[in-house]
Structures are given as structure tokens and as C-alpha cells.
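Asker: for reference, the sequence and a predicted model appear below.
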Amino acid sequence: MTEKKFTVPISKPNTQQELLRRCELLAGKTLGQLASELGMSVPENLQRNKGWVGMLLEAYLGADAGNQTEPDFTDLGIEMKTLPINALGQPKESTYVCTVSLEQTGELSWQNSWIRRKLANVLWVPIEADSNIALADRFVGNAWLWQPTAEQDAMLLQDWSELMDRIVLGEQSEITAKEGEYLQIRPKAANSKVLATGISSAGAKQKINPKGFYLRTTFTRQLLIQAQSSN
DNA sequence: CTATGATCATGA
DNA sequence: TCATGATCATAG
């Protein structure tokens, strides 16, 4: 069977308004309903389909970037992120943003950084994620478009600067998830045995475990509150 | 391998 | 209980 598991029946939105209109259409629907509309089946659970919800929403909204190093909606410059919400109405998991570059030139600016560009314009889509609710019965909430406030940008810059200092010094392999108040660095790979070439503190090439940038829930929780209060 | 999409599962 | 470190699927 070479049946395509994933189809994209919806074309990409041409304007931001069109994208937001589609968000209104999916708010209040369950993941099961969305999957049904797309002709997709809902997996038993997410254990072996961890990115399923994100892929479903991207398909429904017409994201077109695939796995490129680009925002999901390339023309609009908008990145989509699902935000899993627990029973308390708060973000359940940290949010993966992007991979940490392994080799550094030492002259990176926050403004031009990969992570800053990814977070410049984000469409947050809250999704029920309480494990007591069957996957197909989980509701999609009201999505909103977010651009970092000067204050939020400064918060992220603070963490990023400290983390990048360590990376430039060749200490990337020593960074743990405990560092960073809002932005952290954690392993990001198929498994802990995956090795890539990085730079050691001695300046030599060294095999290290790939890592990625993640937003802590303490940060996304603030975004959620901000969005709810502006309704 | 690296990128995308993330959540799982266990130790503290 | 919950964050850290580990892991799963897929495309190129």
C-alpha cells in the first residue's frame, strides 16, 4: 500500500485575513472533525505520532513551507504553532522553535537570528491536550496572531544572549535545559545517539548531540493570558 | 544526516 | 508533580 497518508486539499491562504478566517472556521471543532473533513484517520494516541496535531492544522490552514527553513506560510511570513492546553487551561508543553546552529561565526545578531525570525510573527493555535480526552474529541480554540512586544523581545534576547555566549565559546554540548528563564536549549534529535559535528571549546571539531531552542511554558502562558485579556 | 511537526517518560 | 532529557514520524 503506497496510499498517501497526508493530503493537502486546501490551497494556501493569500492574505492574512484569509488565514484568520480559516482559523475562525476551525475554532470550536474537534480534531476528529477536522481529520474527517480532510479525509484523514485519527491515530489511537500520539505516542508514535507526536507531530500529528501540528500536521493536521497545517494541512487544514494550507501551510506551504514543508520542512524548509522558512515560516509555514511563506508568502505571509507567518509561523504556525499549536499550543497544547492542559486541564487547567494552561500550556502543557514547552514549544519547540528551531534547531541550534552547530557552527557559529561569532558575529550573530539577535535581529537576524534564525530564532528571532521564526518568532517575529506567530499564529498560535490552542488545542485541548488533556490526556483524559480522546484525541479525536479534543477541541481547537481561538487562534491568534502574535508579534513579540518590546518587553517580550527583550526577555528572549536576554536568554538568547547568555546561551549564545556559551555556544560561541564552544560550550554547546555542556548546555542543559535548566538554563534560560524563558528560552531554553534541549536535545532535539531522533535519539540521544545521533551525533553531529560541532565546535569544542578548544576550537576543534567535535561530535555532539543536536539541540534545539524551546519556549518554556512560563513564557507561552503569558502569551495565552495576553491573548485572552485582549478579547 | 538535517529539517519539519511535537509529546513521551522518567528521575528529582 | 513536573521539567529535563529522550524519543517518534516524515520529507528531502
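Answerer: Structure received.
Asker: please enumerate the strands of chain A.
Answerer: Remark: strands assigned in chain A by DSSP state E are A:79-85, A:95-99, A:122-128, A:144-146, A:183-187, A:196-199, A:205-208, A:211-215.
Asker: how many neighbours does residue A:225 have?
Answerer: Residue A:225 has 11 neighbours, counted by other Cβ atoms under 10 Å. All C-beta spots, glycine's among them, are computed from the backbone N, C-alpha and C.
Asker: how far away is it from DNA strand C?
Answerer: 16 Å (Cβ to the nearest atom of the strand, to the nearest Å).
Asker: same question, residue A:140
Answerer: Distance from residue A:140 to DNA strand C, by Cβ to the nearest atom of the strand: 21 Å.
Asker: chain neighbours aside, what residue packs nearest to that residue?
Answerer: residue A:26 (5.1 Å; Cβ to Cβ, 6 or more residues apart in numbering).
Asker: ok, the one you found to DNA strand B distance?
Answerer: Distance, residue A:26 to DNA strand B, by Cβ to the nearest atom of the strand: 13 Å.
Asker: low pLDDT regions in chain A?
Answerer: Applying pLDDT under 70 to chain A picks out residues A:1-10, A:105-107.
Asker: the helix ranked longest in it: which residues count as buried?
Answerer: As assigned by DSSP state H, the longest helix anywhere in chain A is helix A:150-168. For helix A:150-168, a neighbour-count test (16 or more other Cβ atoms under 10 Å) marks A:152, A:153, A:155, A:156, A:157, A:159, A:160, A:163, A:164, A:166, A:167 as buried.
Asker: quick one, what contacts the residue nearest to residue A:140?
Answerer: Counting by Cβ atoms under 8 Å, 6 or more residues apart in numbering, residue A:26 touches A:34, A:57, A:60, A:61, A:125, A:140, A:143.
Asker: can you add distance to residue A:201 and neighbour count and give those residues back as TSV?
Answerer: Output for the contacts of residue A:26, formatted as TSV (distance: Cβ to Cβ, whole Å; neighbours: other Cβ atoms under 10 Å):
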residue	distance to residue A:201	neighbour count
A:34	48	20
A:57	41	23
A:60	46	23
A:61	43	25
A:125	41	23
A:140	46	24
A:143	43	25
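Asker: in helices only, show me those.
Answerer: Of the contacts of residue A:26, the ones assigned to helices by DSSP H are A:34, A:57, A:60, A:61.
Asker: ok, which of the strands of chain A comes nearest residue A:42?
Answerer: With Cβ to Cβ as the measure, strand A:122-128 is the member of the strands of chain A nearest residue A:42 (13.2 Å).
Asker: the nearest residue to residue A:116 once chain neighbours are set aside: neighbouring residues, count only.
Answerer: Excluding the flanking residues, the one nearest residue A:116 by Cβ to Cβ, 6+ apart is residue A:110, at 5.4 Å. For residue A:110, the neighbour count with other Cβ under 10 Å is 15.
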